[in-house]
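> curious how this folds, go ahead:
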Amino acid sequence: MEVKHINIFFLYFFIEPTRLQLLINVKNQGGDVMQENITANVSEDTVTLEFLRLDGVYVSQLVDFTNEVEAMKVIIPGEEELGQSGYQTLCFLSHAAQADFIAPDAMAKLRQKNPGTVRVAEEDKGWRQSTATAWAGRATRLLSPAATRHCAPAKERVYLRAADLTRWAPRPGLDPSSPSSAVTPFPEHALITDTSDGKPAVPPCLNESDNTKECICHLELCVNWYPCGLKYCKGKPQGGLSYRCGIKTCRRCHRHQYYVRRRDACYSHT
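Modelled structure (predicted):
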């Protein structure tokens, strides 16, 4: 069979790697170049993508395909002018849309043709809005061992949406309405978006000047390049069979909103 190469990657199917790490030079929307580190672990059935933004925010996205869990870890440095010291680690759990990331076994077979090339995603998937409704608590351990390790530095700042709990396979301890639930819902008033006067019960942190007051924190981040699908090429006319010959790449941005008990707990770099 005649193999037609693609501009970015080859897919090798005659080897069986169990782990792969790729370093990708990626251009963001502002024209700046950052480096992404992508690791595929076939034995754990996970893919991890990580990068450091130019403002010092570290982002690490893990997808656990077996348990259908996506864990987005964010480490945010404090801003001295706002009285914030050190850094803050957050983790957001969601149900993994498996079609949005190629599987670890396919990812582990990728090889770069030109490692120094600066990449730009082929498709922009726009914004994904995620409003957390609970602290994950012990639920992380029930959902995914890989996500548990990934989110461990965030400690109690691991968030999820009640809507996603209904999408995962039922298991003891995940019912947020149960007194013994591993999940801790936000206060009821923090989940109200509309009131009689048209103002939310809990204001956005951007509109709250008192550091002791509760508010809704807002965080935006973009993954500027990731493998989101496989490409297929046609063989010679007499064969007529298609074969995997490359990958499709995408860009996705995320808006995370979550409740904090104090304004000074919101380390938000947009």
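> where does pLDDT dip in the stretch 151-270 of the chain?
Residue ranges of the stretch 151-270 of the chain with pLDDT under 70: 176-177, 179-180, 193-199, 236-240, 269-270.
> tell me which stretches of it form helices.
For the stretch 151-270 of the chain, applying DSSP state H, counting those that start in this stretch gives helices covering 162-165.
> same check, this time on the stretch 1-150 of the chain
104-107, 139-143, 145-151.
> how far is the last one from where the chain is centred?
The chain centroid and the centroid of helix 145-151 are separated by 13 Å, computed with Cα atoms, centre = their mean, to the nearest Å.
> residues in contact with it: which ones?
44, 46, 48, 60, 62, 64, 67, 69, 71, 73, 91, 93, 136, 140-141, 158 (Cβ atoms under 8 Å, 6 or more residues apart in numbering). Just so you know, the C-beta spots here come from the backbone N, C-alpha and C atoms, and that holds for glycine as well.
> again, 10 Å this time
The contact list for helix 145-151 (Cβ atoms under 10 Å, 6 or more residues apart in numbering) reads 41, 44-46, 48, 60-67, 69-73, 89-93, 96, 136, 138-142, 144, 157-159.
> quick revisit: columns mean neighbour count and distance to residue 254 on top of the helices of the stretch 1-150 of the chain, output as JSON lines?
Output for the helices of the stretch 1-150 of the chain, formatted as JSON lines (neighbours: other Cβ atoms under 10 Å; distance: least, Cβ to Cβ, whole Å):
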{"stretch": "helix 104-107", "mean neighbour count": "21", "distance to residue 254": "20"}
{"stretch": "helix 139-143", "mean neighbour count": "21", "distance to residue 254": "19"}
{"stretch": "helix 145-151", "mean neighbour count": "21", "distance to residue 254": "16"}
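> of all these, which one is nearest residue 175?
helix 139-143 (10.2 Å; Cβ to Cβ).
> contacting residues around that closest one?
Taking Cβ under 10 Å, 6+ apart as the rule, helix 139-143 contacts 64, 67-69, 71, 91, 93, 95, 136, 147-152, 154, 158, 160, 164-165, 168-169, 171-174, 176, 181-184.
> out of the residues you listed, which end up buried?
By neighbour count, with 16 or more other Cβ atoms under 10 Å, the contacts of helix 139-143 hold 64, 67-69, 71, 91, 93, 95, 136, 147-148, 150-151, 154, 158, 160, 164-165, 168, 174, 181-183 as buried.
> so of those, which ones are in strands?
64, 69, 71, 91, 93, 95, 158, 160 (DSSP state E).
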